[in-house]
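**Q** build the 3D model from these lines:
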Amino acid sequence: MNAVGQGGADREGVPEVSGTEGRIGRYYTLPGRRPTRTVMCGGIPVGGGAPVSIQSMTNTDTRDVKATASQVAALAAAGCDIVRCAVPDESAAVALKGIRAELAARGVRVPLVADIHFDHRLAIAAIENGADKIRINPGNIGGDDRLRAVVERARAAGVPIRVGVNGGSIEKDIAAEYGGPTAEALAESALRNIDRVASGGFEDIVVSVKSSDVRVCGETLHLLSERTDFPLHLGVTEAGVGDRALVKSAVGIGALLEDGIGDTIRVSLTGDPLREIYSARDILASVGLLPGAIDVISCPTCGRCKIDLPRIAEAVWEAVSEIETERVVAERRESFAECAELYRRDKAREYRPGQESFTVAVMGCAVNGPGEASRADIGVACGNGVAVLFKEGVKIATFADSDIVPRLIAEVSDTLGSPGGSIASS
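**A** Just a heads-up that it's a prediction; the model follows:
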């Protein structure tokens, strides 16, 4: 297996980064993260210590400018940092310019990635029409001459390339050597294709290797993280529908993030892409990588519960999630902008944790009340027609259970203050 680092160089000699220091222009990482270089996708830095960016893909016809722009705007409002659009023909490539103009008219600024397969001319056309990044699979784009044409056009325009590899694109000799689309085969194929793209010194590369098998995804990304310092895109492809798809994605992406691997993620779900954004936020929040998150915890119901706790907890979560979206989007916008500016100036970035997460507890009885949920910033414990409101384990009010949702949400809003601000002390 080839070792890939700077433009195909060996990873040996890549400086290790520890503590809170590092060069964001080259190698910088948050504590516990694997160091990777920074690649700019439009105004969003990927890797190099920037927040883990959230991606999705439109499912509209890209040639329908207004419909696609509307979906992109909705994704951005929900917290999507980078949006990919399918470019199956020249008309779709040209439409990117119109989509960009429509978004600008709406005041929406979000990088657009052109998803290209088979035809290298579409990649070049997409760059010429304003794509902020190109997603290609070098295994199906054609020979080295066609790939080099794309790379040179991307270099001239300052557009990064996402190198994608999947089980169906593994080279025949690699598949034969490893006996099929194994983790080793996928990693070897990715490294070979990184070398192809980087052979002329092109360094603006993001690497994406996906499988519908969670374990293969994990093993492959671990192998790649040891052999390359280019930013890594995480996702379980073709995850499916329903709860199983969400669980597969959470396990596959979350486990890698816990190991410090991954710079940008997509939760691939069949259906409305907005669900991908909410799910990605949940995954990042669960592993402590979503500053400003609001965690709603609630106890499993049992025979002691005398209220409709599922209904109440769901209502609290729906209200809180709107507050969280504003907080998270504001926090991430500020952090990405800071990282981008420091990248342009090639300055070191001190670790800035951002807003702390905030926990709201909705508990069904005294057993699981302030005691068990004492770590919550604000919570409520319910009894027979009565609810007890507590802050950091201390009881502060008692009221009728019919008032739980409005009282709890009002308390959360008052405590947090304006979106993007710091949490007020209680």
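
**Q** low-confidence stretches in the stretch 251-400 of the chain?
**A** The stretch 251-400 of the chain contains residues with pLDDT under 70 at 347-355, 366-372.

**Q** helices of that one, start to end?
**A** Assignment of helices within the stretch 251-400 of the chain using DSSP state H, counting those that start in this stretch yields the ranges 274-286, 309-345.

**Q** now render those as TSV, adding mean neighbour count.
**A** Every C-beta, even on glycine, is put in place using the N, C-alpha and C of the backbone. Compiled in TSV, the helices of the stretch 251-400 of the chain are given as follows (neighbours: other Cβ atoms under 10 Å):
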stretch	mean neighbour count
helix 274-286	21
helix 309-345	18
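
**Q** between the ones you listed, which gets nearest to residue 192?
**A** Closest approach to residue 192 among the helices of the stretch 251-400 of the chain (Cβ to Cβ): helix 309-345, 28.6 Å.

**Q** elements contacting the closest one?
**A** Applying 3 or more Cβ pairs under 8 Å, 6 or more residues apart in numbering; DSSP states H and E, one finds that helix 309-345 contacts strand 44-46, helix 65-78, helix 274-286, strand 294-298, strand 358-363, helix 404-416.

**Q** for residue 146, find the nearest of the ones you listed.
**A** Of all the helices and strands packed on helix 309-345, strand 44-46 sits nearest to residue 146, with 25.2 Å by Cβ to Cβ.

**Q** next one: the closest one to chain centre, how far?
**A** From the chain centre to the centre of strand 44-46 is a distance of 11 Å (Cα atoms, centre = their mean, to the nearest Å).

**Q** kindly report the same for stretch 304-318.
**A** Using Cα atoms, centre = their mean, the offset of stretch 304-318 from its chain centre is 30 Å.

**Q** adding distance to residue 59, write the helices of the stretch 251-400 of the chain out as a markdown table.
**A** Shown next, in a markdown table, are these (distance: least, Cβ to Cβ, whole Å):
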| stretch | distance to residue 59 |
| --- | --- |
| helix 274-286 | 10 |
| helix 309-345 | 21 |
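
**Q** which phi and psi does residue 171 have?
**A** With angles defined as degrees, to the nearest 10, residue 171 sits at phi -60, psi 150.

**Q** what's around it, how many residues?
**A** 16 (other Cβ atoms under 10 Å).

**Q** touching, it and residue 189? I think so.
**A** Yes - Residue 171 lies in contact with residue 189 (Cβ atoms under 8 Å); the separation is 5.9 Å.

**Q** common neighbours of the two, please.
**A** Counting by Cβ atoms under 8 Å, 6 or more residues apart in numbering, the shared contacts of residue 171 and residue 189 are residue 139.

**Q** domain-wise, how is this structure divided?
**A** As given by automatic domain parsing, the domain ranges for the chain are 6-290, 298-416.

**Q** deepest of the ones you listed, which one?
**A** When you average the neighbours per residue for each of the domains of the chain (mean count of other Cβ atoms under 10 Å), domain 6-290 leads with a mean of 20.

**Q** if we can go back for a sec, of the helices and strands packed on helix 309-345, which approaches residue 34 most closely?
**A** Smallest distance to residue 34 across the helices and strands packed on helix 309-345 (Cβ to Cβ): 13.8 Å, for strand 44-46.

**Q** hmm, back to that, dump the helices and strands packed on helix 309-345 to JSON lines, plus distance to residue 317.
**A** Shown next, in JSON lines, are those (distance: least, Cβ to Cβ, whole Å):
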{"stretch": "strand 44-46", "distance to residue 317": "28"}
{"stretch": "helix 65-78", "distance to residue 317": "15"}
{"stretch": "helix 274-286", "distance to residue 317": "11"}
{"stretch": "strand 294-298", "distance to residue 317": "5"}
{"stretch": "strand 358-363", "distance to residue 317": "8"}
{"stretch": "helix 404-416", "distance to residue 317": "10"}
